[in-house]
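Undergrad: Take this sequence and fold it.
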Amino acid sequence: MKCFVTGASGFVGANLVHELNARGHAVKALLRPGADTRGLLGAEYEPVPGDVGDPSRLRQSMQGCDWCFHVAASYHLWLPDYRPMYAANVEGTKNVLEAAAQAGCSRIVYTSTVGCIGLPDAFPGGSGAGDETTPFSETLLSNHYKRSKWEAEQVALRLAANLPVVIVNPSTPIGPRDVKPTPTGKIILDFLRGEMPAYLDTGLNWVHVRDVAAGHILAAEKGRVGERYILGNAEGNWTLKQALDALSEITGLRAPHFRVPYGVALLAAHINEAISSLTGKPPKAPLAGVRMARHKMFFNPAKAIRELSLPQTPARQALSEAVEWFRAQD
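TA: I've put the predicted structure just below:
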């Protein structure tokens with residue numbers, strides 16, 4: 001197949017391009033001017049300069065493509081102005097999905113996030129892992145990134161009524177090629193550098209980024225139009241402390257033992273953001289990140305495993321490969 005990939009220089013996007021290559025697919029990669037393409041080293045692709053804000057250019061570039069993967073997103077936990085984030089994530093999604101349909105793509109895979117999936121513990125007395133059927137609470141839209149992605153997913157769901165759109169919701173990808181790095185990758189990098197003296201009592205569904213990339217392709221091959229699929233790991237629901245302890249075993253480095261109370265972290269984040277509002281520099285501890293940590297983001301990917309045959313690389317292996325990649329960059 002000939003595939004069009006937006007966000008190709010990002011963590012998931014770059015791994016998707018490599019996985020498409022491995023499976024014999026041709027790739028056209030949408031890249032903004034000045035994009036950091038280190039994650040694409042060794043991959044074969046046709047670069048397409050542009051961005052998601054230009055519908056006519058998108059339509060022209062997608063001509064002849066069979067599949068479109070819309071992976072691009074503005075992912076920031078703090079910005080001095082959030083309007084560009086909404087423009088990229090919401091309007092950009094509409095532009096890409098409509099352009100792909102007009103160009104004749106037979107499958108359009110939209111990359112959402114588990115931030116748009118409900119969590120049982122967001123409701124009184126609730127517990128356990130969320131899945132595609134878990135009711136969603138507005139209280140989970142605790143920051144502009146999550147809200148913009150939720151609005152973008154609503155656009156994708158509406159368009160799926162008439163267009164061949166399949167939605168994937170990755171959980172917490174880890175592994176190689178995290179160039180920026182992502183906020184999760186920064187946890188691993190801070191651990192390796194000895195810059196994590198304490199931790200919050202939170203939890204994530206840790207999944208190998210290669211499985212997430214494979215999940216995108218499987219969604220194009222097998223996914224049902226209009227359906228959402230959590231791309232996660234059934235055994236990957238780990239607290240942050242469990243992940244740090246695993247990193248300690250992998251690296252031989254000491255894991256932090258001091259747990260920061262949520263209230264203290266929230267106060268520190270407020271102070272950080274007040275300073276950032278004066279300096280214009282991003283806070284070290286964004287308020288959005290602390291608020292997200294209030295809930296353990298545990299998810300059940302059974303639907304994707306059952307319907308897409310989503311691979312299940314052990315979370316420990318994913319952490320190990322992430323460590324290996326980060327160390328190789330120093």
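
Undergrad: Going by residue numbers, what spans are strands in the stretch 51-200 of the chain?
TA: Secondary structure of the stretch 51-200 of the chain, counting by DSSP state E, counting those that start in this stretch: strands at 67-70, 107-111, 165-170, 172-174, 198-199.

Undergrad: Whichever helix or strand comes after the last one versus strand 165-170: what angle between them?
TA: Sequence order places strand 203-208 as the next helix or strand after strand 198-199, per DSSP states H and E. Compare the direction of strand 203-208 with that of strand 165-170 by axes from the mean of the first three to the mean of the last three CA atoms, to 10 degrees and you get 110 degrees.

Undergrad: just checking, what packs against strand 203-208?
TA: strand 172-174, strand 237-239, helix 240-251, helix 315-329 (3 or more CB pairs under 8 Å, 6 or more residues apart in numbering; DSSP states H and E). Using the backbone N, CA and C atoms, a C-beta is placed for each residue, glycine as well.

Undergrad: so of the ones you listed, which one's packed in deepest?
TA: Ranked by mean neighbour count, those are led by strand 172-174 with a mean of 27 (mean count of other CB atoms under 10 Å).

Undergrad: Residues touching that one, excluding its own?
TA: Residues outside strand 172-174 that contact it (CB atoms under 8 Å, 6 or more residues apart in numbering) are 11-12, 15, 114, 182, 184-185, 188, 204-209, 212, 232, 236, 297, 315, 318-319, 322.

Undergrad: possible to save the helices and strands packed on strand 203-208 as JSON lines with mean pLDDT?
TA: Putting the helices and strands packed on strand 203-208 into JSON lines (pLDDT from 0 to 100) gives the following:
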{"stretch": "strand 172-174", "mean pLDDT": "98"}
{"stretch": "strand 237-239", "mean pLDDT": "97"}
{"stretch": "helix 240-251", "mean pLDDT": "97"}
{"stretch": "helix 315-329", "mean pLDDT": "97"}
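
Undergrad: how near is residue 78 to residue 216?
TA: Computed as CB to CB, to the nearest Å, the residue 78 to residue 216 distance reads 28 Å.

Undergrad: quick one on the thing from earlier: want to throw the helices and strands packed on strand 203-208 into TSV with distance to residue 28?
TA: Output for those, formatted as TSV (distance: least, CB to CB, whole Å):
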stretch	distance to residue 28
strand 172-174	23
strand 237-239	36
helix 240-251	36
helix 315-329	26
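
Undergrad: on that earlier part again, what about the strands of the stretch 51-200 of the chain, which gets the closest to residue 35?
TA: Between residue 35 and the strands of the stretch 51-200 of the chain, the tightest spacing by CB to CB is seen for strand 67-70, at 16.0 Å.

Undergrad: where's that closest one relative to the chain centroid, distance-wise?
TA: Strand 67-70 sits 15 Å away from the centroid of its parent chain (CA atoms, centre = their mean, to the nearest Å).

Undergrad: With stretch 31-46 instead?
TA: The mean C-alpha position of stretch 31-46 is separated from the chain mean by 18 Å, CA atoms, centre = their mean.

Undergrad: quick one on the thing from earlier: so which of the helices and strands packed on strand 203-208 gets nearest residue 127?
TA: Nearest to residue 127 among those is strand 237-239; the distance by CB to CB comes to 11.8 Å.

Undergrad: what comes into contact with that closest one?
TA: Residues contacting strand 237-239 (CB under 8 Å, 6+ apart): 129, 201, 202, 203, 204, 205, 206, 246, 296, 298, 299, 315.

Undergrad: Can you lay out these as TSV showing distance to residue 85?
TA: Rendered in TSV, the data for the contacts of strand 237-239 read as follows (distance: CB to CB, whole Å):
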residue	distance to residue 85
129	28
201	28
202	23
203	26
204	22
205	24
206	25
246	32
296	25
298	26
299	24
315	29
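
Undergrad: Name only those of those that count as buried.
TA: 129, 202, 203, 204, 205, 206, 246, 296, 298, 299, 315 (16 or more other CB atoms under 10 Å).

Undergrad: On the three-state scheme, the residue located most distally from the centre of the chain is what?
TA: No residue in the chain sits farther from the centre than residue 278, which is 29.7 Å out by CA atoms, centre = their mean. Under the three-state scheme (DSSP: H, G, I helix; E, B strand; the rest coil), residue 278 adopts helix.
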